[in-house]
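Colleague: Here you go, sequence then predicted model.
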Amino acid sequence: MTVEEFVYKTLELLQEEREAEIQETRLYQENVSLKELQSKGVCLLKLQVKSQSTGLYGRTVVVFEPRKHVAALPSNGFSPGDILGLYDSGGCSAASQLGSGIVTRVSQSAVSVAFDDGLTVDSDSLYNLLKLANDVTYKRMKNALNLLNGYSHGPAGALINVLFGDSQPSSMRTKCDEIKLLNPNLDESQREAVSFALSQKELAIIHGPPGTGKTTTVVEVILQLVKLGNKVLCCAASNVAVDNLVERLAQCKSRVVRLGHPARLLESIQKHSLDAVLAHSSSSSIITDIRHDMDQALMAMKKNKGERSDLKREMGELRKELRTREAAAISEILKTADVVLATNTGACGEGPLKHVALDHFDVVVIDECAQALEGSCWIPLLRAPKCVLAGDYKQLPPTIKSQSAASKGLALSLMERQVQLYGPAVFRMLTVQYRMNRDIMDWASTQMYESRLRAHASVQDHLLRDLAGVTSGEETDTPLLLIDTAGCGLNETEDPDELSKGNPGEVDVVELHIKALTEAGVQDKDIAVIAPYNLQVDLLRQRLSARHPHLEIKSVDGFQGREKEAVVLSLVRSNRKGEVGFLSENRRLNVAVTRARRHIAVVCDTQTVQTHPFLKSLVDHMTRRGQVRTAFEYLPDIVPQNYTRESKDAKPKASAKSTSAGEKARERPQRERAERRKTEAGSESDSKPLTKNQDESRSVDIRKQLEAFKEDATQTLLQFPPSLNSHDRMLVHKFSEELGLQHESRGEGKDRYLKSLHLERMKREQQKREENAKQKKQPQSKKTKAKKQTKAGVSEIAASSSADTDLDSLLSAVAKAESVCSFIRCKASVLTLGQLCGFCRRQFCLSHHIPEVHGCGDMAKSHARMRISKEGVLFAGSGKKDNSMDPNKKAYLHRKLDSKLKDLATQRKTKSKEKEG
Ligand SMILES: Nc1ncnc2c1ncn2[C@@H]1O[C@H](COP(=O)(O)OP(=O)(O)OP(=O)(O)O)[C@@H](O)[C@H]1O
Ligand SMILES: [Zn+2]
Ligand SMILES: [Zn+2]
C-alpha cells in the first residue's frame with residue numbers, strides 16, 4: 001500500500017468511525033432512556049457529591065459517588081482523561097449541561113472530575129455525568145495523516161519509506177553488542193530486544209506477551225538511547241501507560257517532562273508535568289508577575305467602565321508578553337529534557353511541541369502500540385528518523401465503534417501491520433514471563449505465542465497457598481479450576497431489549513468460590529472478578545461489592561495491562577444455540593486469562609462455549625491440567641435438566657413418581673447418545689486425558705455402582721474414595737442427579753470423599769423431621785429468605801392492618817407501596833418506569849426488577865428450568881442436540897409433562913385442603 005492509498009483509506013475509515021460515534025451520541029440523547037445509557041457505560045446517573053476541592057493548578061476537582069444505599073457505581077467506560085458533561089439529575093440533554101470536565105480518577109465507588117471554569121456544585125443535589133464525544137483526537141489524527149501524505153522534508157522520510165515497504169529496514173553500521181546494561185537483571189530475551197532496538201536504524205518492534213517485562217525492557221531501551229545522546233519522544237495510547245513510564249524513568253533519574261492536562265495525570269506524576277516544571281522554572285516569577293498584572297487589569301475593567309479601552313490595550317500587551325515568555329520557558333524546558341512523554345494525541349504539533357524544532361527528537365518510542373489506532377501513531381512518528389514500537393498485538397486492539405470500519409482495516413495496528421510486512425526481521429519477542437504459574441501460562445503460550453513462553457523460576461510453581469496468611473486447601477492448591485455449569489440450567493438472561501448479557505446462576509457460583517478463597521485467607525484486593533459483559537459485571541457488583549469492598553470486578557477490557565493473584569472469570573454465555581457472541585474474539589479471552597498470577601477459576605457452560613474452537617481449547621487445557629467441578633457441587637439445590645423435580649415444598653410422594661421407572665427408561669437412550677457424543681467430541685482432539693474407551697468404561701463403572709446402590713434398600717450411604725479425580729467426581733455428581741440421589745463432598749484435600757444418599761430415604765427422614773416440627777407448632781415457614789429482602793408486599797400489608805380494620809390506612813399503604821420500588825430501602829418511583837415482577841407481582845425500579853436482584857431468583861430459575869424441560873432439553877448435555885429431536889416425541893414429552901404438572905397441582909391443592917380441614 002502506498003502512503004497515498006493508506007492516508008486516503010484511513011481518513012475515510014476514521015470518518016466512518018466518527019460518524020458512528022456521533023450517531024451513537026445522538027441516539028443516546030434522543031431516543032434512549034438514561035437508564036439504557038448507563039447500562040452502555042457512557043453515563044452515570046444520580047450521583048451525589050462526596051467532596052470538592054481546588055487543586056491542580058486552580059481547577060476544581062469534584063468527587064462523585066453513588067447514593068447512600070448503592071454499594072458501587074454501575075460498570076462504566078469512564079477512564080482518566082475522558083471529557084464529561086455535568087447535568088442535574090433530570091437529564092443529559094445538551095441544553096441542560098451545567099459544565100464539562102475531565103475525569104481524573106475512577107474507582108468502583110467514586111469518580112473524580114476536574115472542572116476548568118471555577119464551577120461549583122451543590123452537595124445536596126444529585127447529578128448525572130455523560131461521556132462526551134471528543135473530536136480533538138480525530139482532528140489531530142486527520143492533521144497528522146494529511147502531513148504524512150504531503151511529507152517531503154522532515155526527519156521521518158526514511159522511516160516512512162520503511163513503514164510502507166518502499167525500502168527495507170536496516171541496522172546501524174556500528175554494532176552495539178557491547179552495551180553496558182543499566183539494569184543487570186534483564187533476561188536473555190530482554191537483552192536481545194534492547195540490543196536489537198538500539199542497533200536498528202529505522203524500525204524496531206518489541207513484542208511483549210503478558211507479564212514478560214515489556215515496560216522494564218522499554219525503560220532500558222530509553223535509558224540506553226539517552227546515554228548515547230539521543231533525545232527521545234516517548235508516547236503510548238493511554239494516559240495510564242504514559243504515567244507508568246514517567247514513574248519508572250524518573251526513578252532512574254532521567255530528566256523527564258510529561259505533557260498533558262495535569263488533571264489527566266496521576267498525582268505522583270504531576271511534579272513532572274510541564275505545568276509543574278514551568279511553575280518551578282527560573283522564568284516562573286516573571287510569568288507570575290504578568291499573570292498578577294493581568295488579574296488586576298481585569299478587575300479594574302469590571303469596575304471602571306470609562307477606562308475600558310485603555311485597560312483593554314494594556315491587557316492585550318500583557319497577554320502578548322506572557323505568551324512570548326511562556327514560549328521561551330517551555331522551549332527551554334523541552335530542549336533540556338532527555339525524554340518528553342505524552343499520549344499519542346498529546347504529541348501533536350499544536351500543543352507544547354510547537355516550541356521545539358521539528359527535527360529535535362532522534363527516536364520516537366511508542367508503548368502499547370497494538371492498542372492504538374495507527375492514525376494516532378502518526379502524530380508523534382513524523383518527528384523522528386527512528387521508532388521503537390512495543391506492545392502485544394495478541395491482546396485487545398483499540399475499541400472501535402463502527403464494526404464496518406474495524407473490519408475494513410481500522411482495527412489493524414501499526415505494530416501488527418509491520419509484523420505482517422516484514423516478519424521476524426523487525427521484531428524481537430520477550431519470552432520469559434514473570435507473572436503466571438506455568439499451568440496458567442501454557443494455554444496462552446500454545447494458543448497465542450507459538451509455545452515460546454517460559455515461566456520464570458520465581459513464578460512457575462507459585463500458588464495461592466504460598467501467599468502469607470493463606471492456608472493450603474483445595475481452592476488454594478490449584479492454579480486451574482473449571483467450574484462447569486453445563487446441564488445445571490444456569491442460563492444467560494434472555495432479555496431481547498438488553499444488549500448486554502447476564503447470568504445470575506454464575507453469580508451464585510462466583511460468590512461461593514470467592515467465599516472459599518477469602519475463607520482460605522486470600523485477600524479481596526488480590527482477587528479480580530472478570531466478566532465479558534457489563535450486565536454481568538453489574539450483577540456481580542450488586543452481589544459482592546458490599547461484602548468485599550476491595551474486590552475488583554470489571555469487564556475484560558477494563559483489566560488489560562493489569563494482574564491479580566487470583567482471577568475468577570465468569571463467561572456468562574449459556575444457551576441452547578451455542579452462541580458465544582463476542583467471547584469469540586480470541587484476544588479478549590487471552591487478556592482475561594493472562595491477568596492471573598497464581599489461580600484462575602473459569603465458571604462457564606462448557607456445552608455452550610465449546611462450540612467455539614478457541615474457547616474449547618481453554619476448556620480442554622483446564623480439564624487436562626487442572627481441576628474440574630460441576631456447579632452441582634456449589635449449588636446443591638439446582639436441578640439437572642434431565643430430572644424434573646418439583647418445587648421444594650411439594651410432598652415427597654410426588655418426587656418418587658417423577659423418577660419412575662418408565663421415565664428413566666425413556667431417558668436412557670438419549671443419555672447414552674449424549675455420552676457417546678461427548679466422548680466423540682473428546683476424541684477429536686488428543687486433549688482428553690483418557691482414551692475414548694477408557695473414558696466410557698470409567699463412566700459406565702461409576703454409573704453401575706450408583707445404580708446398584710439405588711436398588712439396594714439396605715444401604716443408605718455410598719462413599720467414594722478421595723482418590724477420585726475431578727472428572728470422576730463430576731461423573732458421580734452427574735449420575736447421582738440423574739438417578740435422584742442426594743450427594744455431597746466432604747472433607748478437604750486428600751481426606752475428601754464423596755457420598756451419595758438415596759434421595760427417597762433422605763426425604764423420608766426429612767418428612768419425619770418436618771412432622772416433628774409441625775407438632776412443635778412452628779408458625780414461620782422455612783422459606784422466607786426471598787421475602788426478607790423485600791418490603792412488606794401488598795398482601796402482607798393487608799394482613800397486618802386488617803387487624804385494625806382501618807380501611808383508609810390500608811388503602812394509602814397500598815397506594816404507597818405501589819408508587820415506589822418494592823426493594824427494601826429503595827425510594828425510586830415506579831409510576832413511570834416501574835417493572836412488574838412476574839413472580840412476586842410487585843413493582844420494582846429498573847435497578848431492582850431483575851428477579852435475582854430482589855429475591856425471586858429461585859422462582860425465576862425454576863421457571864426457566866421448567867421451560868427448558870418443556871422445550872425438550874431433558875438431561876445434562878443435551879443442550880445442542882435437541883433441535884433434531886423427533887417432533888412427535890417432543891410433543892409426547894410435552895403432554896406428559898403438562899399432565900404431570902396438573903397432577904402435582906391437584907395433589908397439592910387437596911393436601912392443603914386436608915390441612916385446613
Ligand atoms: N528480568 C527480570 N527479572 C525479574 N523480574 C522481572 C524482569 N523483568 C520484569 N520483571 C518483573 O515482571 C513484572 C512485570 O514487568 P513490567 O512491569 O516491566 O512488565 P509490563 O510490561 O508492565 O507488563 P506486561 O509484560 O504484562 O506488559 C514486574 O514485577 C517486574 O519486576
Ligand atoms: Zn419478584
Ligand atoms: Zn429500586
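Modeller: That came through, no problem. Ligands and ions are numbered 1, 2, ... in the order given.
Colleague: C-terminal to the helix or strand harbouring residue 341, what's the next element?
Modeller: Element membership for residue 341, per DSSP states H and E: strand 339-343. In the C-terminal direction, the helix or strand that comes right after strand 339-343 (DSSP H and E) is strand 363-367.
Colleague: Check the average confidence over that next one, would you?
Modeller: Average pLDDT, strand 363-367: 97.
Colleague: can you check stretch 215-229 too?
Modeller: 95.
Colleague: Go through that stretch and flag the buried ones.
Modeller: Within stretch 215-229, the residues that count as buried by 16 or more other C-beta atoms under 10 Å are 215-226. No exception for glycine: its C-beta is placed from N, CA and C like everyone else's.
Colleague: What about ligand 1: which of these touch it?
Modeller: Here is what survives when those are matched to ligand 1 using C-beta under 6 Å from any ligand atom: 215-216.
Colleague: In the stretch 201-350 of the chain, where is pLDDT below threshold?
Modeller: For the stretch 201-350 of the chain, the stretches with pLDDT under 70 are 261-267, 282-285, 287, 298, 301-302, 304-308.
Colleague: Write out the residues of it neighbouring ligand 3.
Modeller: For the stretch 201-350 of the chain, the contact set with ligand 3 under C-beta under 5 Å from the ion is empty.
Colleague: What segments of the stretch 201-350 of the chain are helices?
Modeller: Ranges of helices in the stretch 201-350 of the chain, per DSSP state H, counting those that start in this stretch, are 214-227, 239-251, 274-279, 284-303, 308-336.
Colleague: Determine the set of other helices and strands touching the shortest one.
Modeller: In other words, helix 274-279. Applying 3 or more C-beta pairs under 8 Å, 6 or more residues apart in numbering; DSSP states H and E, we find helix 274-279 packed against strand 256-258, helix 308-336.
Colleague: Generate a markdown table for these, with distance to ligand 1 and mean neighbour count as supplementary columns.
Modeller: Converted to a markdown table, the helices and strands packed on helix 274-279 look like this (distance: least, C-beta to the nearest ligand atom, whole Å; neighbours: other C-beta atoms under 10 Å):
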| stretch | distance to ligand 1 | mean neighbour count |
| --- | --- | --- |
| strand 256-258 | 17 | 26 |
| helix 308-336 | 26 | 15 |
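Colleague: Now distance to ligand 2 too, for the ones you listed, in TSV please.
Modeller: Shown next, in TSV, are those (distance: least, C-beta to the ion, whole Å):
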stretch	distance to ligand 2
strand 256-258	52
helix 308-336	62
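Colleague: And those: which comes nearest residue 435?
Modeller: Counting by C-beta to C-beta, residue 435 lies closest to strand 256-258 out of those; the figure is 26.5 Å.
Colleague: Give me the residues contacting the closest one.
Modeller: Strand 256-258 is contacted by residues 242-243, 246, 249-250, 265, 269, 272-274, 277, 333-334, 337-342 when judged by C-beta atoms under 8 Å, 6 or more residues apart in numbering.
Colleague: quick one: low-confidence parts of the stretch 651-800 of the chain?
Modeller: 651-696, 698, 713-717, 719-727, 729-730, 737, 740-800.
Colleague: name the element residue 708 belongs to?
Modeller: According to DSSP H and E, residue 708 maps onto helix 692-711.
Colleague: residue ranges with poor pLDDT in the stretch 501-650 of the chain?
Modeller: For the stretch 501-650 of the chain, the ranges with pLDDT under 70 are 637-650.
Colleague: Thanks a lot, see you next time.
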